[in-house]
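Visitor: Sequence and computational prediction follow.
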Amino acid sequence: MDEFIFSEHQEGSQPTSPTTTFQSTLSKGAVQKSWVWPYFNLSSDHTKVQCQVPEKSKQGDPCNQVLCRGDQSSTTSMIQHLKRIHQIYPPEDESSGQMPNPNLLKRQRGDQRPILTVIMLRQAIAYLIAEADLSYSIVEHPSFINLLELLNPSVANMEYGRQTIANEVSLLYQAHQNQLKESLKAIKHLSFTLDAWTSPNQKAFMAITAQGITEDWKLLDVVVGMPTVHGEHSGENFGNIFVERLNEMGISNSLISITADNASNNSTLARQVQHRLGNSLFAADKQLLGCMAHVINLAAQDGIKAIGGSPSGGKKPEELITMDHSDSQSNRLESRAEPDDYTEGTSGNLQTLLTRIHGVSNYVRNTPQRREAFCTAIDLVNRQTPIRVSSNKKGKKRILNLDVRTQWNSTYKMLRRALDLKLVCIAYCSTQAETAKYSLTRSEWDQVDQIAYFLEPLYVVTKMLL
């Protein structure tokens, strides 16, 4: 973005004549070679120019100072005005080092890009905050203001408060929402994917994503709404929320299918949509589709049970570890990871193996001290074996994963990581009495490898679908 700066008028400034008209030099047929022209409008008789650099005292309106061009149509007065009043310097002064040193880093050539305006910068900041999920208050941080001034000195007097940017984000959202409505109305058939969840601050949301094919045969995949869910989390309530969103967007007639997981309330949701829209627009028994990835995950859990195990170490849902990789959960969870039928040094059934690996993973992750001890075991193994283990592409040490019942493929990831760190697990469990109960024999490690081999294709297919 090009620089501009707000400033007070030069003494002896010339008022604009009511009979003089100015137009942007950027739209004229003749090529204006000087770098100053993007900052000025030219009068109809080509004898005067009017400065368009915005001023803070005018809430971003242009400077509007009128300058005479002289007999030779010189740009000297325009250059001097930009230097003295707005601290905007010619490119040749920058390259020759004649500018003050801070300005050397603060501007780029004015003839390469359009002039920065107040609206342009405000919108750019609003897009940044929305896309990067930043706080509105960042615009008031001195470091943020300094960054803008470093990139362009013309923003030195252009400061926005958090409320101004919040309002701008709302305006941009509404503009994009209107544009999205028009785009979706142009697509004859739309399918929708629905999901609902509760955030950490205990607010429930429902995500509505639309998929369709545009006229130029491009896939459209866009979130059309994420309304807050109030009241009971029933299929009827979810169905009403979905239909209301379709009606707001004006796309009810384009609905061809709904994809959701296999929760029982989604069948109720589909029947409610059919009731609200009518059988001609939606048939619950034909147009509700199950989520393939969710079906695969259920198949993986049933497969584990069929060969003698249970996902998440046989825990009931209310006993599952949901610690979000934090160390604050501690000893009350640790005791649950211990198998009831453990017999040291003997081969156990699948559930026993899963429980032991889950137990050592939970044990290692519970405290920083145990993580550190595990990393020490990693270093020990790496010094004693020719093949280095447990490092990712950036060389950072990896530790054991936990499986969680509600997280797809988490059992496979836990087993795969344990197999990758097999030598480390053996060394770690053999060094202290507390972890000896999680030790596996060679035949048990072979069983773990077989389980991972069984789950791997399901993991690969799930990644392909998502």
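Guide: Yep, it's here.

Visitor: Which segments of this structure make up each domain?
Guide: Using automatic domain parsing, the domain parsing of the chain gives 22-104, 118-177, 186-290, 296-465.

Visitor: Mean pLDDT and mean neighbour count for these - can I get that in CSV?
Guide: All C-beta spots, glycine's among them, are computed from the backbone N, C-alpha and C. Listed next are those as CSV, based on pLDDT from 0 to 100; neighbours: other Cβ atoms under 10 Å:
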stretch, mean pLDDT, mean neighbour count
domain 22-104, 68, 16
domain 118-177, 87, 15
domain 186-290, 92, 16
domain 296-465, 76, 16
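
Visitor: Just give me how far the helix or strand harbouring residue 378 sits from the chain centre.
Guide: Here residue 378, judged by DSSP states H and E, is contained in helix 368-384. Centroid separation for helix 368-384 versus its chain: 34 Å, with Cα atoms, centre = their mean, to the nearest Å.

Visitor: Show me what that helix packs onto, helices and strands only.
Guide: Helices and strands touching helix 368-384, as assessed by 3 or more Cβ pairs under 8 Å, 6 or more residues apart in numbering; DSSP states H and E, comprise helix 350-365, helix 422-429.

Visitor: export those helices to a markdown table and tack on distance to residue 278?
Guide: Below are the helices and strands packed on helix 368-384 laid out as a markdown table (distance: least, Cβ to Cβ, whole Å):
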| stretch | distance to residue 278 |
| --- | --- |
| helix 350-365 | 49 |
| helix 422-429 | 59 |
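
Visitor: and the gap between residue 136 and residue 385?
Guide: 52 Å (Cβ to Cβ, to the nearest Å).

Visitor: Over to residue 249?
Guide: Look at residue 249 and residue 385: by Cβ to Cβ, they are 59 Å apart.

Visitor: With residue 405 instead?
Guide: Taken as Cβ to Cβ, the span from residue 405 to residue 385 is 35 Å.

Visitor: So residue 41, which state does it fall into?
Guide: Following DSSP: H, G, I helix; E, B strand; the rest coil, residue 41 is assigned to strand.

Visitor: Was I right to think it contacts residue 50?
Guide: Yes. With contacts defined as Cβ atoms under 8 Å, residue 41 counts as touching residue 50 at a distance of 4.7 Å.

Visitor: State the phi and psi torsions of residue 289.
Guide: phi -110, psi 140 (degrees, to the nearest 10).

Visitor: Now do the contacts for it.
Guide: By Cβ atoms under 8 Å, 6 or more residues apart in numbering, residue 289 lies in contact with 257-260.

Visitor: repeat that with 6 Å
Guide: Residues near residue 289 by Cβ atoms under 6 Å, 6 or more residues apart in numbering: 257, 259.

Visitor: The one 3 residues further on too?
Guide: With contact taken as Cβ under 6 Å, 6+ apart, residue 292 is in contact with residue 465.

Visitor: Distance-wise, check it relative to residue 283.
Guide: 20 Å.

Visitor: go on, residue 245?
Guide: Residue 245 is 20 Å from residue 283, by Cβ to Cβ.

Visitor: One more: residue 414?
Guide: According to Cβ to Cβ, residue 414 and residue 283 sit 41 Å apart.

Visitor: one step back: what's the closest of the helices and strands packed on helix 368-384 to residue 379?
Guide: helix 422-429 (9.5 Å; Cβ to Cβ).

Visitor: what are the C-alpha coordinates of the closest one, in PDB please?
Guide: C-alpha atoms of helix 422-429 as PDB (Å, rounded to 0.1, in the frame of the first residue of the first chain):
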ATOM      1  CA  LYS A 422       9.000 -49.200  21.300                       C
ATOM      2  CA  LEU A 423      12.600 -49.200  22.400                       C
ATOM      3  CA  VAL A 424      12.100 -46.000  24.500                       C
ATOM      4  CA  CYS A 425       9.000 -47.500  26.200                       C
ATOM      5  CA  ILE A 426      11.000 -50.700  27.100                       C
ATOM      6  CA  ALA A 427      13.800 -48.600  28.500                       C
ATOM      7  CA  TYR A 428      11.500 -46.300  30.400                       C
ATOM      8  CA  CYS A 429       9.300 -49.000  31.900                       C
END
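
Visitor: List the contacts of the helix or strand just after it.
Guide: Of the helices and strands lying after helix 422-429 in sequence (DSSP H and E), the nearest is helix 433-436. Applying Cβ under 6 Å, 6+ apart, the contact partners of helix 433-436 are residue 429.

Visitor: Report all helices and strands that the very next helix or strand once past helix 433-436 contacts.
Guide: Sequence-wise, the next helix or strand downstream of helix 433-436 (DSSP H and E) is helix 442-465. With contacts defined as 3 or more Cβ pairs under 6 Å, 6 or more residues apart in numbering; DSSP states H and E, the packing partners of helix 442-465 are helix 292-306, helix 350-365, helix 410-420.

Visitor: tell me how far the helix or strand harbouring residue 178 is from the chain's mean position?
Guide: Using DSSP H and E, residue 178 maps to helix 162-185. For helix 162-185, the separation from the chain centroid amounts to 18 Å (computed by Cα atoms, centre = their mean).

Visitor: Need the contact partners of it.
Guide: 122, 125-126, 130, 136-137, 139, 249, 251.

Visitor: let's see it at 8 Å
Guide: Helix 162-185 is contacted from outside by 122-123, 125-127, 129-130, 135-137, 139-140, 190, 210, 212, 214, 220, 222, 224, 249-251, 254, using Cβ under 8 Å, 6+ apart.

Visitor: Tell me the spacing between residue 446 and residue 419.
Guide: Distance of residue 446 to residue 419, given as Cβ to Cβ: 10 Å.
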